[in-house]
Every structure is written in C-alpha cells, then in structure tokens.
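# Below is the structure, and that's it, no one-letter string:
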C-alpha cells in the first residue's frame with residue numbers, strides 16, 4: 001500500500017508594499033488653508049507619543065498656533081515645508097530649516113518629520129527625508145543636522161538613510177508626559 005501523498009507546502013504570495021503618499025513642497029501661500037490639517041496631524045502624533053517638542057495636555061488650538069507661528073519663516077524662505085497627502089488627507093510633513101548665521105549657510109536642519117500614526121511603516125518617513133535632502137541640496141547646503149529621541153523609530157530611520165550620530169545629550173527634551181529623555185543628535189554630509 002502506497003503512503004499517502006502530502007501536499008507540498010505553499011508559500012504565501014508576497015504582500016505588495018503599501019503605496020506611499022506623494023511628497024510635495026507647500027508654498028507659503030497654501031499653508032493658511034492647510035492649518036486645520038497640519039494641526040490635526042501634529043496633534044495625532046503628539047497624542048501617539050511622539051517627542052517633538054510638546055507636552056500633554058496638548059490641544060488642537062496649540063497645534064494650529066505652532067504652524068501659524070512658523071508662517072513668517074516660510075514666507076521669508078528660512079524654512080521649507082514638505083507635505084504628503086493620501087486621498088487628499090494630510091498624512092506627513094517634514095521641515096527644512098535654512099536660516100543660519102553667515103558661518104552656517106552651508107547647513108540645514110531637519111525638523112518636525114511627522115507621519116500620521118495610521119500611515120507609518122509604509123516608507124513615508126523615508127520619502128519625506130529624501131525630499132528634504134533634495135531641498136537642502138538645491139539650496140546649496142552640504143550638511144544636514146537633526147535631533148531625535150534616543151532609540152526612537154526615527155533614529156533607526158535616520159541611520160538607515162546615512163546619518164551618523166554626533167552625540168547623545170541625557171535629559172535633553174521632555175516626553176509628551178513631561179519626563180526628561182535623552183536625545184540623539186545626528187548629521188549627514190551631502191554630496
């Protein structure tokens with residue numbers, strides 16, 4: 001009697017990657033109309049635990065005030081704002097700070113890289129960072145600097161994109177819950 005045949009194991013079909021939202025630069029003139037969406041994104045990220053400069057309680061009015069207060073720097077060209085939308089909904093941002101004293105006009109600072117909690121793990125942070133690098137290069141910058149909470153997902157992303165650790169400062173910034181946490185400062189030389 002022949003042994004029963006066992007079916008060959010099947011390998012599940014690979015899951016296609018989730019599409020990322022396209023990244024574009026927001027004009028200073030377009031930002032006032034985007035304030036509610038920008039505030040909602042910032043608010044969602046802080047409530048999800050992002051250490052990006054705000055402490056709870058943190059409401060939508062404070063989030064909108066942050067973006068409104070940054071408008072003059074955008075209008076003067078000292079700061080550039082990159083945004084990503086998915087189906088018309090704002091799901092990510094990054095800012096490139098270009099203001100610097102005369103001896104620092106070769107560098108730019110990356111700030112407020114935000115990805116909506118529901119859109120993480122799709123490559124959007126990487127896309128925002130690549131777009132930020134392109135903005136910096138186009139503005140003649142050769143050095144990028146940034147800081148992030150030590151051992152946060154952002155630190156791993158920045159390392160994967162070629163950023164080196166400059167140093168760690170203990171207790172540099174408070175978490176959204178008001179607890180001082182170490183912050184990793186990073187840099188990248190651009191070609």
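Thanks, I have it. This is a predicted model, so every value here is computed, not measured.
# which stretches of this protein form strands?
With DSSP state E as the criterion, the chain has strands at 23-26, 79-86, 89-97, 107-115, 143-149, 164-174, 180-189.
# Who are the packing partners of the fourth one?
Using 3 or more C-beta pairs under 8 Å, 6 or more residues apart in numbering; DSSP states H and E as the contact test, the elements touching strand 107-115 are helix 31-47, strand 89-97, helix 124-138, strand 143-149. For glycine as for every other residue, the C-beta is placed from the backbone atoms N, C-alpha and C.
# Which one of those lies nearest to residue 175?
strand 143-149 (7.6 Å; C-beta to C-beta).
# Give the ranges of residues in the chain that sit below the confidence cut-off.
The chain contains residues with pLDDT under 70 at 1-20.
# Return the distance of residue 76 relative to residue 149.
Applying C-beta to C-beta, to the nearest Å, the value for residue 76 to residue 149 is 29 Å.
# quick one: contacts for the most centrally placed residue in the chain?
Among the residues of the chain, residue 113 comes closest to the average C-alpha position under C-alpha atoms, centre = their mean, at 1.7 Å. Contact analysis of residue 113 by C-beta atoms under 8 Å, 6 or more residues apart in numbering lists 93, 94, 125, 128, 129, 132, 146, 154.
# so which of the helices and strands packed on strand 107-115 comes closest to residue 103?
strand 143-149 (12.2 Å).
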